[in-house]
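> Return a 3D structure for these sequence lines:
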Amino acid sequence: MRKQIILIFLFFLTPIFVSAAEIEIKPKNPIQGEPVLITVSGINNLSEIKSAYFGKQQLNFFLYKGKISALGAIDLAEKAGTSTVTINLKSGNKLSKDVFKNARPKVEAKIDIPEKLGGNTKAAVQKLVTNLIDEQAVVKKITEVVKPKPFWKESFRFPLSNPVITDTYGYSRNTVGYLISHKGTDFRAKVGTPIFSINRGIVRDNKTYPTFGRVVIVDHGLGLYSMYLHLSKVKVNIGELVLPGQVVGFSGDSGYVTGAHLHLTIRINGISIDPEKFFELFDVKI
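Next up, the predicted model:
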């Protein structure tokens, strides 16, 4: 009798695997530079999650269409191969799923340095590369800050009306012998076109940079940031709460450009990812 009581007691102390819990990954076959939407089914609320990681990247969960979800990012320079999504529950159970990160096709295109930045000279390209390194370091510091809750409440949207994509994410620009990755999506926008915030968030930067030009950075919470580059004019202040579709500025040709357009960058946990693929995750299509 005593042995039976001890066995029953140990049974209730042992964590029970929740067989109904499951991890889903979208897209199923991501490539370098893409975001992933991680959805967990079979658990009741966010408070059941103790911690979660995509490889070494910490995940932050929110509710999307009634499902417990998180955004992960695959860096453009990250090696192809397998990373594991690991979710530790407060019950003591652990969920995991392997994600294979496919290689992005290598694409290269020649691009010139505009005369206003010195033209195609060795001195100009060295200055350009130095400025890019410095600017990326500043932006990385800003966008690695993770607020513990999402500021957005509505669906995401494109940053301008009637969006037309003129240049895509992820290829290498051969600039006077230097290969510079294009980490954003370019949209057709003549000077003065209104540029909208893709969702609710807080403005973290509105400075002018030598290469990025006039920039607005919006923090959407949970490590998600949107960046609007090459603006001619800014309409928002640092610390200001902006709403979905609110005008943050007007397009221009400031910084390193060969013509007026909007360059949109989206970062997750400090990692720049493909904006087109980000919008697809939330069923936003042109």
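
> Isn't residue 148 up against residue 58?
No. Counting by C-beta atoms under 8 Å, residue 148 stays clear of residue 58, with 11.5 Å between them. To be clear about C-beta, it is placed using only N, CA and C from the backbone, and glycine gets the same treatment.

> More neighbours: which of those two?
Using other C-beta atoms under 10 Å, the more surrounded residue of residue 148 and residue 58 is residue 58, with 14 against 8.

> Can you list the strands that the biggest strand by length in the chain pairs with?
In the chain, with assignment by DSSP state E, the single longest strand is strand 224-234. Note on strand 224-234: by DSSP bridges, its sheet partners are strand 213-221 (antiparallel), strand 247-251 (antiparallel), strand 261-268 (antiparallel).

> burial of the residue nearest to residue 122 when sequence neighbours are not counted, as a residue count?
Distance criterion C-beta to C-beta, 6 or more residues apart in numbering; nearest residue to residue 122, sequence neighbours excluded, is residue 176 at 7.1 Å. The local packing of residue 176 (other C-beta under 10 Å) involves 19 other residues.

> Equivalent analysis for the one 10 residues further on, please.
Applying other C-beta under 10 Å, we find 21 other residues in the vicinity of residue 186.

> Show me what it is bridged to.
residue 167, residue 263.

> Just list the residues touching it, thanks.
165, 166, 167, 168, 261, 262, 263, 264 (C-beta atoms under 8 Å, 6 or more residues apart in numbering).

> Buried among these? Make that a ChimeraX selection.
Buried members of the contacts of residue 186, defined by 16 or more other C-beta atoms under 10 Å, are picked up in ChimeraX with:
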select :167,261,262,263,264
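
> Of all pairs in the contacts of residue 186, which one is the farthest apart?
Maximum pairwise distance in the contacts of residue 186, criterion C-beta to C-beta, is 13.8 Å, between 168 and 262.

> picking up where we left off before, how close does the residue nearest to residue 122 sit to residue 106?
20 Å (C-beta to C-beta, to the nearest Å).

> same question, residue 201
Applying C-beta to C-beta, the value for residue 201 to residue 106 is 34 Å.

> and what of residue 79?
As defined by C-beta to C-beta, residue 79 lies at a distance of 14 Å from residue 106.

> go on, residue 54?
Where residue 106 is concerned, residue 54 sits at a distance of 25 Å (C-beta to C-beta).

> More neighbours: which of the two?
Legend: neighbour count by other C-beta under 10 Å for residue 54 and residue 106, higher for residue 54 (24 against 8).
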